[in-house]
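J.: No sequence on hand, only this structure:
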């Protein structure tokens with residue numbers, strides 16, 4: 001009886017220098033690139049988000065995300081009318 005899990009292949013194109021540098025870093029950690037990709041995808045599926053914060057987001061977006069993690073910084077309004085009034089709308 002075969003107990004081996006079925007496998008799917010993932011082929012990606014990337015810069016050869018990037019691959020070489022990433023391979024070296026992974027090897028320093030004692031793992032290979034396939035393991036890095038598998039760990040990344042597993043974490044992404046588990047948390048339903050990337051396992052790292054992309055840094056290419058605009059500064060105001062990063063600030064909004066940080067504010068969302070600290071609700072005490074957010075404005076609170078008694079009503080929708082109060083919100084519109086304070087926003088000057």
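T.: Alright, I've got the coordinates. Not measured: the values here are computed from a predicted model. Numbers count the residues shown, from 1 in each chain.
J.: what ranges do the helices span in this structure?
T.: All helices of the chain, identified by DSSP state H, fall at 16-28, 33-47, 59-68, 80-87.
J.: Reformat those into a markdown table and put distance to residue 8, mean neighbour count and mean pLDDT next to each item.
T.: Placement of C-beta: from N, CA and C, glycine included. Below are the helices of the chain laid out as a markdown table (distance: least, Cβ to Cβ, whole Å; neighbours: other Cβ atoms under 10 Å; pLDDT from 0 to 100):
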| stretch | distance to residue 8 | mean neighbour count | mean pLDDT |
| --- | --- | --- | --- |
| helix 16-28 | 20 | 11 | 95 |
| helix 33-47 | 11 | 12 | 96 |
| helix 59-68 | 32 | 11 | 88 |
| helix 80-87 | 49 | 10 | 92 |
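J.: With residue 7 as the reference, name the closest of the ones you listed.
T.: Proximity to residue 7, assessed across the helices of the chain by Cβ to Cβ, is greatest for helix 33-47 (10.4 Å).
J.: Domain ranges for the protein, per the record?
T.: 12-52, 55-89 (automatic domain parsing).
J.: Indicate which one of the ones you listed is closest to residue 6.
T.: For residue 6, the closest of the domains of the chain is domain 12-52, at 14.3 Å, according to Cβ to Cβ.
J.: ok, and what's touching stretch 21-37?
T.: 10, 19, 39 (Cβ atoms under 8 Å, 6 or more residues apart in numbering).
J.: which one among the residues you listed gets closest to residue 52?
T.: Nearest to residue 52 out of those is residue 39 (Cβ to Cβ; 11.8 Å).
J.: I'd like the domains of the chain written out as JSON lines, with distance to residue 5 added.
T.: Compiled in JSON lines, the domains of the chain are given as follows (distance: least, Cβ to Cβ, whole Å):
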{"stretch": "domain 12-52", "distance to residue 5": "12"}
{"stretch": "domain 55-89", "distance to residue 5": "35"}
